[in-house]
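Undergrad: Predicted structure and sequence below. I'll ask about it afterward.
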Amino acid sequence: MTADTSAALKTMIKRLRIFLNTLLGHVTVPLVVITLVCCLLVIFINQRTFQTQKEEMITLARTNLESSHSVQDAQLDVMSAFYQSMFINNVNYQQLRKPVSDKAYHLAATQTLKDLDDMFFSFNGLTCTYYYIAERDYLIQSSTHPNYEQSEQIKAYIKQGYNNSEGTVYTQSNWELAGIGDSVYLINTIRQTSSEIGIVLDCQRLLENMHVLDEFEQGALYFTDKNDMFVSGIAAADGRYINCSQEYLDSRSWLKVSCPCSKIPYTLNLSLPIELFLAPLYRQNILITSVLLLALFAMLLVALRIFYHFTVKPVEDIAVLTKELGSGAIGQRLSENNSVAEISAINRNFNQMVSTITTLKIDLYEEKLRHQEAELAQLRLQLNPHLLLNSLNMIYTMTRQQHYDVSMKFTMCLIRHFRYILKKSHNFVTLSEELDFCGNYMEILSLQYPSYFSYDISLSDERIREETILPPLSIENLIENAVKYGLTQDDPLHIQICIEDLDREGLHCTKIVICDNGPGYSEDALFYINRLQSGENIKNLASDGVGLKNLIDRLRILYEGEAVLTFENDSGAKITMIIPSVWPQKREES
């Protein structure tokens with residue numbers, strides 16, 4: 001990196017820090033402070049609103065409760081006065097206690113029942129009215145009384161209550177709450193020496209007739225004793241009245257208003273659910289908070305957008321192009337027209353660096369090609385003496401044995417063989433040329449070993465001959481290796497060469513398989529071949545290993561790791577070579 005680029009980077013980092021401090025101190029912090037102040041203000045206003053609504057709700061509830069309670073107390077007083085006037089000095093009641101005759105007794109009972117019915121129908125909400133004569137253990141109820149079970153329960157309670165307090169006289173009306181069966185009743189009695197008259201009111205009907213809950217969608221109206229324990233009550237839900245219980249009251253939060261009863265030793269309570277008037281505040285809180293958060297989020301987005309545009313985006317561009325440069329893409333350039341002077345300087349220096357790298361890469365690539373050419377030429381020079389010595393030895397043997405016809409044919413095959421080998425200027429040949437050369441080479445082997453060697457060549461498609469190019473002598477080296485490990489004096493050796501097209505992960509390749517019916521490779525031979533393939537530098541390399549090592553090196557240099565060469569045993573030796581159909585340099589040019 002140049003000094004100018006380093007200085008520009010330092011200046012940009014300094015400005016970046018200033019920008020971040022400005023963004024933090026002059027934008028983000030004020031936004032957060034303003035949002036917090038607004039939230040606190042909203043909480044304060046809502047708290048004040050809650051208190052105001054709570055006080056208004058309490059006032060309304062207390063007014064309704066006291067008004068309804070006053071009306072109900074007045075009605076209870078009227079009831080007490082009415083039936084008290086009926087009881088005192090009533091001839092019929094006297095006849096029931098001490099009748100002069102049976103006829104007078106029955107007439108008095110009939111008239112008493114009529115009086116009780118008249119009183120029942122005179123007041124709304126009564127459960128029943130009754131007259132009890134203790135001397136006769138006789139109880140007369142109004143004809144319109146509750147169901148039989150409730151009627152029997154009330155009778156049993158009246159008789160038991162009279163017996164428990166026998167001798168006590170109530171000359172004035174006396175109201176009390178009584179739990180009878182599953183219900184709670186309000187009972188008022190006037191008692192003389194041996195008789196008692198009373199009225200029974202169902203507490204739930206009494207509370208319903210007060211119509212206190214009609215002003216509210218939800219709520220509970222109930223009695224509590226002096227210990228504030230629940231006695232009886234009703235609740236409003238979904239436009240109707242339901243039974244209220246202590247469990248129902250414990251299940252919610254309530255705003256409670258109480259009013260002591262003047263006629264009975266109990267307290268009348270009105271409870272309203274807190275959420276009844278908190279729900280609008282909750283909705284208001286959610287709305288205001290959402291608006292504030294959205295405004296804060298929008299302002300932060302604007303600030304981050306400015307920060308990204310002037311700082312992050314230029315750095316990202318540099319990082320992306322640097323990554324592409326590392327992967328070998330050197331055609332891209334950065335824009336030098338940036339609003340920030342330091343970034344423009346960095347981009348300009350970066351473009352100059354890429355241009356320099358491009359020039360160096362081209363020079364290095366050309367040097368690599370020249371080195372490859374020299375190395376390939378050296379490999380061919382290493383190969384030629386080895387083949388020449390073997391060929392001269394074979395000619396000498398045939399001439400000495402006076403096989404002149406075979407020697408002449410063999411000599412012509414050798415001429416074609418060495419003419420092909422000495423084409424030093426060619427790094428690649430077509431598959432057709434290589435197969436013709438291999439056929440000539442195997443013809444030499446057939447002449448040398450007429451009864452012990454045969455071969456066969458098959459192609460999946462004849463077009464492969466002209467469409468595939470490969471290094472010269474590549475198949476010949478593999479045939480030579482197969483002959484080395486497979487040809488013996490015991491059994492004839494047959495070599496089968498199969499060639500086919502292959503699609504290898506999107507790369508068009510040619511697969512060449514050379515197999516024989518010989519004994520195959522020994523473990524030592526496979527170990528030796530693996531050492532050659534791994535690139536190990538073997539000292540004192542045997543002469544018969546030079547050709548194979550040359551082939552391995554040539555495939556590595558020319559195909560840059562894309563060629564595959566394997567050696568294995570499969571009913572004899574089997575060699576598989578997979579090479580791209582087109583040379584890598586040709587693919588780059590196309």
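TA: The structure has been received and is ready for your questions.

Undergrad: The residue lying closest to Asn269 once chain neighbours are set aside in helix, strand or coil?
TA: Excluding its sequence neighbours, the residue lying closest to Asn269 (CB to CB, 6 or more residues apart in numbering) is Ser258, at 4.9 Å. (Glycine included, C-beta is placed from N, CA and C.) Following DSSP: H, G, I helix; E, B strand; the rest coil, we place Ser258 in the strand state.

Undergrad: isn't there a helix covering Tyr132?
TA: No: going by three-state DSSP, the assignment for Tyr132 is strand, not a helix.

Undergrad: Could you check how many residues crowd around it?
TA: By the criterion of other CB atoms under 10 Å, Tyr132 has 22 neighbours.

Undergrad: what about it, distance to Gly198?
TA: Distance of Tyr132 to Gly198, computed by CB to CB, to the nearest Å: 8 Å.

Undergrad: where does the stretch 251-400 of the chain dip in pLDDT?
TA: 276-285, 303-304, 306-312, 325-332, 335-343, 365-366, 368-388, 390-391 (pLDDT under 70).

Undergrad: just so I have it, where are all the strands in it?
TA: With strands called from DSSP state E, counting those that start in this stretch, the stretch 251-400 of the chain shows them at 254-260, 267-273.

Undergrad: The first one - contacts with which helices or strands?
TA: Contact here means 3 or more CB pairs under 8 Å, 6 or more residues apart in numbering; DSSP states H and E; on that basis strand 254-260 packs against helix 29-87, strand 267-273.

Undergrad: Of all those, which one is nearest Ile495?
TA: Closest to Ile495 of the helices and strands packed on strand 254-260 is helix 29-87 (CB to CB; 83.2 Å).

Undergrad: now that closest one, how far from the centre of its chain.
TA: Taking the mean of its C-alpha atoms, helix 29-87 sits 48 Å from the chain's own mean (CA atoms, centre = their mean, to the nearest Å).

Undergrad: okay, the angle between it and strand 267-273?
TA: Per axes from the mean of the first three to the mean of the last three CA atoms, to 10 degrees, the angle that helix 29-87 makes with strand 267-273 is 150 degrees.

Undergrad: Can you tell me the element the nearest residue to Gln533 once chain neighbours are set aside falls in?
TA: Leaving out its chain neighbours, the residue that sits closest to Gln533 by CB to CB, 6+ apart is Ile552, at 5.8 Å. Element membership for Ile552 (DSSP states H and E) is helix 543-559.

Undergrad: Just the C-alphas of that helix, formatted as PDB.
TA: Taking Å, rounded to 0.1, in the frame of the first residue of the first chain, the C-alpha atoms of helix 543-559 are listed here in PDB:
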ATOM      1  CA  SER A 543      14.600 -46.200 -15.700                       C
ATOM      2  CA  ASP A 544      11.200 -47.900 -16.200                       C
ATOM      3  CA  GLY A 545       9.700 -45.300 -13.800                       C
ATOM      4  CA  VAL A 546      10.800 -42.300 -15.800                       C
ATOM      5  CA  GLY A 547       8.000 -42.500 -18.400                       C
ATOM      6  CA  LEU A 548       5.300 -42.800 -15.800                       C
ATOM      7  CA  LYS A 549       6.700 -40.000 -13.700                       C
ATOM      8  CA  ASN A 550       7.000 -37.800 -16.900                       C
ATOM      9  CA  LEU A 551       3.300 -38.500 -17.700                       C
ATOM     10  CA  ILE A 552       2.200 -37.600 -14.100                       C
ATOM     11  CA  ASP A 553       4.200 -34.400 -14.200                       C
ATOM     12  CA  ARG A 554       2.900 -33.400 -17.700                       C
ATOM     13  CA  LEU A 555      -0.700 -34.000 -16.600                       C
ATOM     14  CA  ARG A 556      -0.100 -31.900 -13.500                       C
ATOM     15  CA  ILE A 557       1.500 -29.000 -15.500                       C
ATOM     16  CA  LEU A 558      -0.900 -29.000 -18.500                       C
ATOM     17  CA  TYR A 559      -4.200 -29.500 -16.800                       C
END
